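# whatever this is, show me its structure:
(chains A and B)
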Amino acid sequence: MRKVTGMLWVALLALPLAALAANQPQEKILANGLKVIVKEDHRAPVVVSQIWYKAGSMDEHNGTTGVAHVLEHMMFKGTKSVPAGEFSKRVAAAGGRDNAATDTDFTFYHQVIGRSKLPLVLRLEADRMHNLLLSEKEFSKEIEVVRNERRWRIDDKPHAQVQVQLMATAFEANPYHWPVIGWMDDLQHMTVQDARAWYQAWYAPNNAVLVVAGDVKAPEVFALAEKYFGPIKRKVLPVRKPQQEPEQTGIRRVVVKAPAKWPYLLMGWKAPRLKDAAKDSDPYALEMLAGVLDSNNAARLPKALVRDSQIASEIGAGYDSVQRGPDLFEIDGTPSEGKSVEQLEAAIRNELEKIKRDGVTEEELARVKAQVIASRVYQRDSVFYQAMQIGQMEMAGLGYQNIDTRIEKLKAVTPQQVQDVARKYLIDDKLTVATLDPQPLSEKQPMAPPKGLRDEK
Amino acid sequence: MRNKALTIKPEMGLAMTMKQVCQTLGKQFSVGVFALLLTAAPVYAGVKIQHWQAKSGAKVLFVENHDLPMLDVAVDVDAGSRRDTPEKAGRAALTVHLLQLGAGGMNDDEIARKLADIGAEMGESFDPDRAGYRLRTLSSPRERDQALDILAKVLQQPSFPETVLTREKARTIAGLKEAETRPENIAEKAFFKAIYGNHPYALLGNGEVRTVSKLTRQDLIDFYEAHYAASGAVVSLIGDVTRAQAEAIAEQLTAKLPRAQPQAALPPVVPLTQASTLRIPHPATQTHILIGAPGIARGDPDYFTLYVGNYVLGGGGFDSRILTEIREKRGLAYSAYSYFIPFKQPGPFQIGMQTKKQDADTALQVARETLATFIKTGPTDAELDQAKNNIILGFPLRIDTNRKILDYLAVIGFYDLPLTYLDDFTRNVDHVTVQQVRAAFQRHVDPDKMVTVMVGAPEAAAK
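Next up is the predicted model:
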């Protein structure tokens, strides 16, 4: 299993400067607060439309966890003029593809379609921004789908359970505590009223960013956005409390038992997120540290632990500085047959000690930077990625204008900075360790729903 | 590990956009990869494919495109898992994997370092028919030359180091043992075994613990010598090089491949003669259900008819009957689908879903009834129109990146699809009729001769 977060962010953000000169994104903010960003790219007669709502699981409250994602599902269940299921059908009939995704930080909806069909998707998207029906009947079916999705994504996947427990243990006060899909008990008790309240609170033009990329002209997109989204009224948004996570003061450990063959180790250290793209430096150094550890096959962890000592059969490191909430620098791995998680953890710590003690070389840093530079070109192959990096920067409050800034800052990171952040952040007081204790399949009793939580249909 | 975003449709979404070029180890046979091939049929008239045979004998497909300063290359040979035998299952996968772990005087560290130094991405690709490598590099001379030099050595001068083999066997075996605990892997393995019997398509890529543990260096060398000949190789290129450069690259990558040897004839895929159901216990909360049988080969005259028809049955997401019946009407599952995967020989037709254990028998019954009804009556006119509109109008989306076009080139080359076939694609889709769909499904899909696999089945779990 390849863990990708840290360097992947670099990849996602890798826009070539040469192209930017000609094709800088253009933006317009409508009177109702909707921000529209257009990235022209004329390589294929295709357009990508993404609408990003700054409302994710971190905006939820205990008791209704998972509601952001449930609402995402309900957004396909009909408005006054577009019946349930029709949204996707109409996009499909026009040759398009559509989907949506919910994250801790945001919910976004996207379509890829022939360039002439942009008016269709903007009209549909504007319609469901303010006309969603949210019927009891549709909700009662869709909540079953979501419960099944949770079983599939988490309950029957041991590594996913470990990830859930890492977050739940590392974050106590901040809403990153719960998984995006929510606790099963909350899903069992969720009502259509919960979904309605969520929709009423957060689905508003002044809480959204529309990103359109592809074979379009910016002025035409602005005009279409004005036509379809312009009439929608802005809302007073709920107050977002800071919900700061208290300082962690000692190592935390948690164990998950689940049917599996091998144990699994996941370590996460509290780390800063990127707040000021131009002035911050630690997040960039942490991204380069993740790159030095595991951005390619020549990186330290796969070489030292998988190929040389062979203590691990799988290893990964990741750190994603672009997000709204508190950050973790993560390392995960599976011990080789005959090795324990304790031995693997000791070996990982040994590698980190080497960096803290001796630093990293210019050569390995240059290698990570070479990937950053190459990725700037590779990512231009996909208009969808280009739109996504704009949306993610916007959701994190960093601004798409800083896509370039990030690249330049990453290229400027020094070996000393990498060593400094390893010493500063990868310490036990900031560490949470989650492990999988594998259980034999045969001795595991079939899971019965907890008492009083039986699915009612 | 921070793939935290959830999507409404299982078939695409953020998870896919967040994957880097595949790393190779511990990979399990995954039908998801091959499902893409089904949609990877056409390259439309807007893509100009150049096609020639290299002096080495390799077949070359090339699209010259200078929009971006980069180059994508794929090299494939007929050395997928269908070339394995039951006694040496896993040999084909281990062979292609080891190529990059020691070649041309470089060890695995050096190869990894030299690729990383120039920001190149190289990875193996492997399926039941094909084995090969994909390379993406900047097209500037320093980067391009170094990347191609490494790929040329990996393909033509592999050293199969003994110590690396020992290590990678252990990793493969660890992956196989883990897979034995995972319901999706258990189901897939049982399904292929049941529908293919003694045919090598039953042998999933990474083999068995028992067979992999016995593989020797000589086994891999023998396999390489027998199946990596230039005469059977397909080189696909797209990007920022000229025709002359592409010709030179194709030679560079294939001139020193092993001498051609006659490929052993493979047995035919034997159709199933009766229905069977396998219920396998598992403690998971959900039951994983697979239903199917051998379907069609690449180049089957019914390909377009079945492809368009299957959009209505289970390939078209929310437009499809299976997802409508299983998910939209009843909430029984998050994902439910059907597809044909055309291989060189008949690949599988498969229906799949995961559902809460208590609902498994209901879901199975609904899926079977949906299939039976569809085979009997075919799609409605409205359904067929919806399918055609999506496929025809959505055609530009299939070729809107170099990476997608590279995939098409590789499929066209390997499966000997005529180049005109691509220009004809939308017309072929447009010509499909309700009667043809019904007749083609009745010819190729027989619900009375299908395998059903249920992992974590309700009765089994109660034992």
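# and B:A170, what is it in contact with?
Applying C-beta atoms under 8 Å, 6 or more residues apart in numbering or on different chains, we find B:A170 in contact with A:Q310, A:S313, A:S336, A:E337. Backbone N, C-alpha and C define where each C-beta goes, glycine included.
# next up, the contacts around A:E245.
Contacts for A:E245 were tallied using C-beta under 8 Å, 6+ apart; they are A:F171, A:E172, A:A173, A:N174, A:Y176, A:K270, A:P326.
# quick check, A:V256 in a helix?
No - with the criterion set as DSSP: H, G, I helix; E, B strand; the rest coil, the secondary structure at A:V256 is strand rather than a helix.
# which SSE is B:Q350 in?
strand B:348-356 (DSSP states H and E).
# what lines up beside that strand in the sheet?
When pairing is defined by DSSP bridges, strand B:348-356 lines up against strand B:286-294 (antiparallel), strand B:333-340 (antiparallel).
# do you know which of those strands lies nearest A:A92?
A:A92 lies closest to strand B:333-340 among the strands paired with strand B:348-356, at 14.9 Å (C-beta to C-beta).
# residue contacts, the residue in the stretch 51-200 of chain B that chain A sits nearest to?
Of all residues in the stretch 51-200 of chain B, B:G119 sits closest to chain A, with a separation of 2.6 Å (C-beta to the nearest C-beta). When the contact criterion is C-beta under 8 Å, 6+ apart, the partners of B:G119 are A:A370, A:Q371, A:V372, A:I373, A:A374, A:S375, B:T137, B:L138, B:E143.
# what sits closest to it if chain neighbours are left out?
What sits nearest to B:G119 in space, not counting adjacent residues and going by C-beta to C-beta, 6 or more residues apart in numbering or on different chains, is A:A374, at 2.6 Å.
# which element follows the helix or strand encompassing that neighbour toward the C-terminus?
Using DSSP H and E, the secondary-structure element containing A:A374 is helix A:362-378. Next along the chain after helix A:362-378, taking DSSP H and E as the criterion, comes helix A:383-395.
# what does that following helix contact?
The contact list for helix A:383-395, computed with C-beta under 8 Å, 6+ apart, reads A:12-13, A:15, A:25, A:35, A:37, A:39, A:41, A:43-44, A:46-48, A:50, A:52, A:54, A:105-106, A:108, A:110, A:112, A:209, A:211-214, A:322, A:324, A:379-380, A:399-400, A:402-403, B:17, B:400.
# now swap in stretch B:187-197 and tell me
Defining contact as C-beta under 8 Å, 6+ apart, one finds that stretch B:187-197 is touched by B:29, B:31, B:179, B:201-202, B:204, B:269-270, B:272, B:276, B:278, B:280, B:288-290, B:292-294, B:348, B:350, B:451, B:453-455.
# got it, and stretch A:291-300?
Applying C-beta under 8 Å, 6+ apart, the external contacts of stretch A:291-300 come out as A:3, A:6-7, A:10, A:301-303, A:315-318, A:331, A:351, A:355, A:360, A:364-365, A:367-368, A:371, A:418, B:23, B:108-109, B:111-113, B:115-116.
# now that stretch: how far from the chain's centre is it?
Distance of stretch A:291-300 from its chain centroid, counting by C-alpha atoms, centre = their mean, to the nearest Å, is 22 Å.
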